[in-house]
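Visitor: Any chance you could fold what I've pasted below:
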Amino acid sequence: MQPKKRGKFRPFYNFCYDFVYITGVLPALLWLRPKIHYPFGKPNKRGGLLVLANHHTMIDPILIQIAFPFRRMNSIASKDLFDTPLKAWFFDLMHCIKIDKDNFALSSFHEIVQRLEEKKLVLIFPEGGVHAHQGNEIHTFKSGVVLMAHRSGAPVIPLYVVQRQKWWKRQQMVMGQAIDVKAMLGKIPTVDTIASVSDVLREKEIELRTYYENIGKENYL
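Guide: Here you go, the predicted model:
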């Protein structure tokens, strides 16, 4: 089933998003003092982008929003967050895309692809939920993210969020260069090539983590 068409411009929804952004992100900037490392140069942050990040805490979307200023972020969110009418209304205002992690629907896939084709920024945690990330281990990526990037043609940007050990430490993030998944897969991807590209994306995430562990820590003020 195809997702419902959403208006290209939704002034009220965008106003609410911007209001929450200003009132939420600015205090986070002062409190967390985030520092973003670009070991391979800054990627192009314009147009449709699929951001893949590790997931430590529920505030990760706020941290990642800081890394993409002046962009409205469309975050993948578990259906559990939409369990009341008020929460469903709020997360819809925040441009979240509801998914069922245990029974991923084709309509959710189409919704994500549609927003990428509309040149929007979409955030997804390819390991699964926040519970899937303990310590520094990076788990296997879900292959669906590869298909989303292939179908939409949107580049993938890997982002590693460092878990703060002390509350007074600066929040650190490491961002990689954009990856053209569609070019890697070709016109007709196979199961093997999808799995191979999924492994490549995971290795890129590990590479960002390794960079921070070997080099970036000296900047952890």
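Visitor: The lowest-mean-pLDDT helix or strand in the chain: which residues count as buried?
Guide: Taking mean pLDDT, DSSP states H and E as the measure, the helix or strand of the chain with the lowest value is helix 11-32, at a mean of 86. By 16 or more other C-beta atoms under 10 Å, the buried positions in helix 11-32 come out as 13, 16-17, 21, 28, 32. For the C-beta atoms, the positions are set from N, CA and C on the backbone; glycine is no exception.
Visitor: if we look at it, which residues are touching it?
Guide: Helix 11-32 is touched from outside by 34, 59, 62-63, 65-66, 72, 92-95, 164, 170-171, with contacts defined as C-beta atoms under 8 Å, 6 or more residues apart in numbering.
Visitor: For it, output the C-alpha coordinates as CSV.
Guide: Coordinates of each C-alpha in helix 11-32 appear next as CSV, following Å, rounded to 0.1, in the frame of the first residue of the first chain:
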residue,chain,number,x,y,z
PRO,A,11,3.2,25.6,7.2
PHE,A,12,1.7,24.7,10.5
TYR,A,13,3.7,21.5,10.9
ASN,A,14,6.9,23.2,9.8
PHE,A,15,6.2,26.1,12.2
CYS,A,16,5.7,23.6,15.1
TYR,A,17,8.9,21.7,14.2
ASP,A,18,10.9,24.9,14.0
PHE,A,19,9.5,26.1,17.4
VAL,A,20,10.6,22.8,19.0
TYR,A,21,13.9,23.0,17.2
ILE,A,22,14.7,26.4,18.6
THR,A,23,13.5,25.7,22.1
GLY,A,24,15.1,22.3,22.3
VAL,A,25,18.3,22.4,20.2
LEU,A,26,19.6,25.7,21.5
PRO,A,27,19.7,24.6,25.1
ALA,A,28,21.3,21.3,24.0
LEU,A,29,24.0,23.3,22.2
LEU,A,30,24.8,25.2,25.4
TRP,A,31,24.7,22.0,27.6
LEU,A,32,26.4,19.5,25.4
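Visitor: coming back round to it: Asp100: which of the buried residues of helix 11-32 is nearest?
Guide: Distance from Asp100 was checked for each of those by C-beta to C-beta. The minimum falls on Tyr13, at 23.0 Å.
Visitor: quick revisit: which of the buried residues of helix 11-32 lies closest to Gly41?
Guide: Leu32 (23.9 Å).
Visitor: quick one: the helices in this structure?
Guide: Using DSSP state H, the helices assigned to the chain run over residues 11-32, 60-67, 85-93, 106-117, 144-152, 181-185, 191-214.
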